[in-house]
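A.B. asks: no sequence on hand, only this structure:
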């Protein structure tokens with residue numbers, strides 16, 4: 001089993017890809033997105049990229065932000081174009097995801113695996129993202145927003161993980177500082193808070209590196 005973590009989000013736009021990129025930058029890790037949907041629906045900020053050798057989707061974003069070449073990263077097991085849940089994106093192309101094909105790649109470096117969507121997003125009619133996380137058996141880093149609604153979403157996600165007996169390595173918040181929300185999650189969620197990534201505007205590799213350096217990731221280095 002490779003050393004690594006599985007980055008899951010509390011909901012849409014929770015900052016999974018930015019969190020994953022920060023972990024790659026801070027830990028010198030490799031990155032893997034097993035299932036990519038919405039490959040053509042790029043964040044407008046991605047148009048700022050100057051490198052022309054990067055693919056669309058989150059693998060290209062992480063490669064750009066970390067200065068790595070996408071060839072350094074294992075390719076996704078599945079790529080779909082529509083910005084839908086993985087099962088719906090697959091169905092739109094007449095396909096179906098076989099979770100049994102999604103196997104951890106052998107890597108020498110620490111591996112950051114990024115989920116597609118939240119924990120209860122379906123991969124197929126019977127399989128949820130949390131089922132994949134359970135099978136891959138990596139500690140979970142939960143990406144959460146800082147604003148209104150995050151207490152509920154984050155605590156529900158932590159409860160779902162604990163019901164499955166999945167280890168939680170910590171929570172990383174993204175967005176403006178809302179210390180009361182973060183403290184509530186710390187107090188009620190019982191999971192380590194690994195830090196907060198502020199909104200990076202403009203989003204650049206230098207800004208990402210600075211934010212990554214401020215995270216408290218010492219506990220992950222021993223995984």
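C.D. replies: Good, I have the coordinates. Here the structure is a predicted model, which is why all the values come from computation and not from measurement.

A.B. asks: what does residue 159 show for phi and psi?
C.D. replies: With angles defined as degrees, to the nearest 10, residue 159 sits at phi -60, psi -40.

A.B. asks: tally up the residues packed near it, please.
C.D. replies: Applying other CB atoms under 10 Å, we find 10 residues neighbouring residue 159. Quick note: C-beta positions are derived from backbone N, CA and C, even for glycine.

A.B. asks: and residue 23, by the same measure?
C.D. replies: Residues near residue 23, counting by other CB under 10 Å, number 29.

A.B. asks: mind giving me the packing neighbours of the helix or strand of the chain with the lowest mean pLDDT?
C.D. replies: Every helix and strand in the chain was compared by mean pLDDT, DSSP states H and E; the lowest is helix 57-66, with a mean of 89. The contact analysis (3 or more CB pairs under 8 Å, 6 or more residues apart in numbering; DSSP states H and E) places helix 57-66 against helix 16-27, strand 30-32, strand 35-36, helix 205-213.

A.B. asks: contacts only, for the closest residue to residue 101 other than its chain neighbours.
C.D. replies: Of all residues not flanking residue 101 in the chain, residue 77 sits nearest, at 5.7 Å (CB to CB, 6 or more residues apart in numbering). Shown in contact with residue 77 (CB atoms under 8 Å, 6 or more residues apart in numbering): 34, 35, 101, 102, 103.

A.B. asks: going by neighbour count, which of these comes out on top?
C.D. replies: When neighbours are taken as other CB under 10 Å, the top entry among the contacts of residue 77 is residue 34 (26 neighbours).
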